[in-house]
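Undergrad: starting from these lines, generate the structure:
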Amino acid sequence: MKSSADVIKKILLTEKGTRLSEEQNQYLFRVAKEANKVEIKKAVEALFSVRVMAVNTMRRKGKKKRQRTAQYGTTASWKRAVVTLHKEDSINLI
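TA: Below you'll find the model as predicted:
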């Protein structure tokens, strides 16, 4: 079994994430590509001592980036998780 630190890479602090946390009690995480929803749920509950109600995941494709020549490279692909917490729980981001 993977440790919680291996599953959850970081919390995403974006405008959309801030709006979701204030309005719907949902938080965005960057997670390991091979992690599934059950592992993500257990990792968030262990790291932050909260009750997780739902986990939605999505794979984010890497973007094309121009190099100094006419060639294109890509940034790394990654996985994002939207975690919905119980209405009485919250994560203090600051």
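
Undergrad: for the residue nearest to the spatial centre of the chain, give its distance to I40.
TA: With the centre of the chain defined as its mean C-alpha position, the nearest residue by CA atoms, centre = their mean is F29, 1.7 Å away. With the distance defined as CB to CB, to the nearest Å, F29 ends up 7 Å from I40. For the C-beta atoms, the positions are set from N, CA and C on the backbone; glycine is no exception.

Undergrad: overlap in contacts, these two.
TA: Taking CB atoms under 8 Å, 6 or more residues apart in numbering as the criterion, F29 and I40 both touch 8, 81, 83.

Undergrad: and the strands in this structure?
TA: Remark: strands of the chain, listed N- to C-terminal, are 8-11, 26-31, 52-60, 64-66, 72-74, 78-85; assignment by DSSP state E.

Undergrad: any chance of these in a markdown table, plus distance to I94 and mean pLDDT?
TA: What follows is those, written out as a markdown table (distance: least, CB to CB, whole Å; pLDDT from 0 to 100):
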| stretch | distance to I94 | mean pLDDT |
| --- | --- | --- |
| strand 8-11 | 11 | 94 |
| strand 26-31 | 13 | 97 |
| strand 52-60 | 21 | 97 |
| strand 64-66 | 31 | 89 |
| strand 72-74 | 33 | 89 |
| strand 78-85 | 17 | 97 |
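
Undergrad: now those strands as a markdown table including distance to L20?
TA: Formatted as a markdown table, the entries for the strands of the chain read as follows, by distance: least, CB to CB, whole Å:
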| stretch | distance to L20 |
| --- | --- |
| strand 8-11 | 12 |
| strand 26-31 | 4 |
| strand 52-60 | 11 |
| strand 64-66 | 28 |
| strand 72-74 | 27 |
| strand 78-85 | 7 |
